[in-house]
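# Return atomic coordinates for the entry below.
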Amino acid sequence: MKKEKTFEKKQKPYQKIAIERIHKLFEETTKTTNQKLKKRYLTLATKISKKCEVSIPKELKTTYCKKCLTTNIETKKETPFTIVKCKNCGYEKKFGNKKQNI
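Residues are numbered from 1 along each chain as shown. Next up, the predicted model:
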């Protein structure tokens with residue numbers, strides 16, 4: 001008998017809690033207008049993801065600048081990529097889009 005390979009990793013309980021906390025911190029960044037608080041929430045979210053060995057979900061990664069930790073960005077959707085460009089520092093990041101079967 002052959003074992004089927006699964007690509008899903010089983011998450012540990014503390015990793016599920018970490019993802020929930022990351023989502024809550026990103027919700028708080030949308031609620032507040034204070035730039036210092038936004039930066040603090042984003043640094044906490046990145047620290048939690050590193051400490052618990054969890055990656056930040058893709059839908060959240062495209063909402064902030066990784067370099068200067070601000071939410072002042074613009075997104076462009078081109079055919080193979082989603083390009084996120086920061087308005088403050090000019091940093092660009094490309095995220096690959098999944099190919100759709102026709």
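
# ok, then the element right after the helix or strand hosting residue 41?
Following DSSP states H and E, one finds residue 41 within helix 35-51. Where DSSP H and E defines the elements, the next helix or strand beyond helix 35-51 is helix 58-61.

# buried sites along that following helix?
residue 60 (16 or more other CB atoms under 10 Å). No exception for glycine: its C-beta is placed from N, CA and C like everyone else's.

# Just the residues contacting whatever helix or strand residue 95 lives in, thanks.
Element membership of residue 95 [criterion: DSSP H and E] is strand 92-96. With contacts defined as CB atoms under 8 Å, 6 or more residues apart in numbering, strand 92-96 is touched by 58, 61, 62, 66, 80, 81, 82, 83, 84, 85, 86.

# Next one: the nearest residue to the first one once chain neighbours are set aside relative to residue 82, how far apart?
Think residue 58. Residue nearest to residue 58 in three dimensions, not counting chain neighbours: residue 95, with 6.7 Å by CB to CB, 6 or more residues apart in numbering. Distance of residue 95 to residue 82, given as CB to CB, to the nearest Å: 5 Å.

# hmm, back to that, could you check the helix holding residue 41 and say which residues are buried?
For helix 35-51, by 16+ other CB under 10 Å, it's 38, 39, 40, 41, 42, 45, 46, 48, 49.

# how about these in JSON lines, adding distance to residue 19 and pLDDT?
Written out in JSON lines, the entries for those read as follows (distance: CB to CB, whole Å; pLDDT from 0 to 100):
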{"residue": "38", "distance to residue 19": "20", "pLDDT": "93"}
{"residue": "39", "distance to residue 19": "21", "pLDDT": "94"}
{"residue": "40", "distance to residue 19": "19", "pLDDT": "95"}
{"residue": "41", "distance to residue 19": "15", "pLDDT": "95"}
{"residue": "42", "distance to residue 19": "15", "pLDDT": "95"}
{"residue": "45", "distance to residue 19": "10", "pLDDT": "95"}
{"residue": "46", "distance to residue 19": "13", "pLDDT": "94"}
{"residue": "48", "distance to residue 19": "9", "pLDDT": "95"}
{"residue": "49", "distance to residue 19": "9", "pLDDT": "94"}
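
# Brilliant, that's me finished.
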